[in-house]
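> what shape does this take:
(4 chains)
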Protein chains: 2
Amino acid sequence: MLKAAFREVKEIIRDRIVEGVWKPGELIPNEIDLAVEFGCARATVNRAVRELAEEGLVERRRKAGTRVLASPVRRAQFEIPIVRKEIESQGQIYRHAVVGQKVNKAPDWLRARMNLDIGALALHVTCVHYGDNNPYQFEDRWINLAALPHAADADFTKTGPNEWLIEAVPYSDAEISFSATAADKELASYLDCAVGDPLFLAERSTWWRGDAITYVRMTFQRGHRMTTKY
Amino acid sequence: MLKAAFREVKEIIRDRIVEGVWKPGELIPNEIDLAVEFGCARATVNRAVRELAEEGLVERRRKAGTRVLASPVRRAQFEIPIVRKEIESQGQIYRHAVVGQKVNKAPDWLRARMNLDIGALALHVTCVHYGDNNPYQFEDRWINLAALPHAADADFTKTGPNEWLIEAVPYSDAEISFSATAADKELASYLDCAVGDPLFLAERSTWWRGDAITYVRMTFQRGHRMTTKY
DNA sequence: CAGTGGTCTAGACCACTGT
DNA sequence: CAGTGGTCTAGACCACTGA
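Below is the predicted model:
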């Protein structure tokens, strides 16, 4: 068998949709009929069509049947690697430098974002990540000490806060957002660019079962791009 | 049945991994043993573990078994909607204006990017998308006329080029990339911001079975963010 | 070559929901 | 209430690959 049967079925159905045999908004035949047509078990058709639904090409509803979506929802998927691996995968030599590490009372904007109590303590760590000694990313991180008390004593010079956290604590939920920002004086000096330069910014918050763990702003060197195929 | 059995199994296994019962790098029991433990069919365990593998939590190999990944590859998924729907889903009124539409010889950078012949013709369309009459996105698009000759005569005033293309032609492959850019004079005027302001930029190329269809630069209003949970 | 996952089947029952 | 998809099962054979 060159291909799994369910993949064949999936491709045939996908082709019929893009070729317009089954048009947007229309119903496609039910699973039993398709199984008969393709000479396979209903479960095989089910898996094929289920995956097409996950890809956003069709919509399935009990009793109503399977409908071709009018505007296929395209989904782009990005892998979020550890910055060290990202740099090393480009064949560059990784290095990082911790430029600040201090326990603070969490500022109001952070308390709001992470849902912390008044007076809550947070560890503020900043560091710069280099690839082949060129600045690659500036990391500005806050760690909730109520959730992770022993973070206060951690040594981030060997293992960056990013990797330290991954080993120290799992997380159940994360939110990430991307935007553009202008370099301020601090960023300009760390990332070796001009004040006002447009920089790509990624922000991430993570939680473990309701408790905020960390919030981080990752600002990338000038010209950074995040690319994917889909 | 409150939950499908395979979802229960999936949750239990996921929990054991994050709790450290099965540690990174270790093998988890094989499907038959798990099926016995959970009192279900092997196919049920298979679906649960297969989905965990798709999520990047474990790695499966025949004969070798299923291994917990050391650094779980986290994947963030974004939906790429049509700009009109994006705006309307925020409860705003959508409108767009075509500000340029003209057939050109494809410039060299475009020929390189889309793999076009020397002298190939391309349609260059620019338009601005508004939400509640505030500029939201500037769209700067090139369409390969060799692949889509009748695009030259299209009227993009009713339906934007984005939606027109989706109806006119399917695509098999797409590449999208995100970065930050500074507003030039043109962008500043269309997006109502200052020259030099940092703007979020999305670029997308699409192909249909090897032939380039279109390349588009979508520059967003100041402060635009793209957010997702994962 | 033997163990593990990959897939398929035929049949069954169930859950949801349009009519 | 009837049709469609959602899920499960028990068993089977196969494909890959580590030992």
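> how close does the nearest residue to A:N30 once chain neighbours are set aside get to A:L34?
Leaving aside its sequence neighbours, A:N30 sits nearest to A:G65 (CB to CB, 6 or more residues apart in numbering or on different chains; 6.0 Å). Bear in mind the C-beta positions are built from the backbone N, C-alpha and C, glycine included. Separation of A:G65 from A:L34 (CB to CB, to the nearest Å): 11 Å.
> hey, what's in contact with both of these two?
The contact sets of A:G65 and A:L34 overlap at A:I28 (CB atoms under 8 Å, 6 or more residues apart in numbering or on different chains).
> the one helix or strand A:C127 maps to - what's its average pLDDT?
For A:C127, the host element (DSSP states H and E) is strand A:121-131. Strand A:121-131 comes out with an average pLDDT of 95.
> so how far is that strand from its chain's centroid?
20 Å (CA atoms, centre = their mean, to the nearest Å).
> quick one: contacts of the helix or strand following it?
Later in the chain than strand A:121-131, the nearest helix or strand by DSSP H and E is strand A:134-144. Contact partners of strand A:134-144, identified using CB under 8 Å, 6+ apart, comprise A:83, A:87, A:106, A:110, A:114, A:116, A:120, A:122-130, A:151, A:160-162, A:165, A:187, A:190-192, A:211-221.
> centroid residue for chain A?
For chain A, A:I80 is the residue whose C-alpha lies nearest the centre (CA atoms, centre = their mean; 5.1 Å).
> burial count for A:L199?
When neighbours are counted by other CB atoms under 10 Å in any protein chain shown, A:L199 registers 26.
> domain ranges for chain A, per the record?
Structurally, chain A divides into domains by automatic domain parsing as follows: A:5-68, A:83-220.
> contact residues of chain A facing DNA strand C?
Within chain A, the positions near DNA strand C by CB under 7 Å from any atom of the strand are A:4-7, A:39-44, A:47, A:61-64.
> select from the contacts of strand A:134-144 every entry located in strands.
A:122-130, A:211-220 (DSSP state E).
> quick one: buried residues of stretch A:151-163?
Within stretch A:151-163, the residues scored as buried using 16 or more other CB atoms under 10 Å in any protein chain shown are A:151, A:154, A:156, A:159-163.
> re earlier: the strand holding A:C127 - contacts with which helices or strands?
helix A:83-89, strand A:94-105, strand A:134-144 (3 or more CB pairs under 8 Å, 6 or more residues apart in numbering or on different chains; DSSP states H and E).
> identify each buried residue in the last one, please.
By that I understand strand A:134-144. Buried residues in strand A:134-144, defined by neighbour count with 16+ other CB under 10 Å: A:135-144.
> secondary structure element holding the closest residue to A:R67 other than its chain neighbours?
On the basis of CB to CB, 6+ apart, the spatially nearest residue to A:R67 that is not a chain neighbour turns out to be A:E59, at 5.0 Å. Secondary structure from DSSP H and E places A:E59 in strand A:58-61.
> any idea which residue of chain A lies closest to DNA strand C?
Relative to DNA strand C, the nearest point of chain A is A:A5 (2.6 Å; CB to the nearest atom of the strand).
> residues touching A:S71, list them.
Contacts of A:S71 (CB under 8 Å, 6+ apart): A:24, B:82, B:85, B:163, B:166.
> isn't A:R47 right up against A:A5?
No: if you go by CB atoms under 8 Å, A:R47 and A:A5 don't touch, sitting 9.3 Å apart.
> show me the helices in chain A, by range?
Secondary structure of chain A (DSSP state H): helices at A:5-19, A:31-38, A:42-54, A:83-89, A:108-114, A:161-168, A:185-191.
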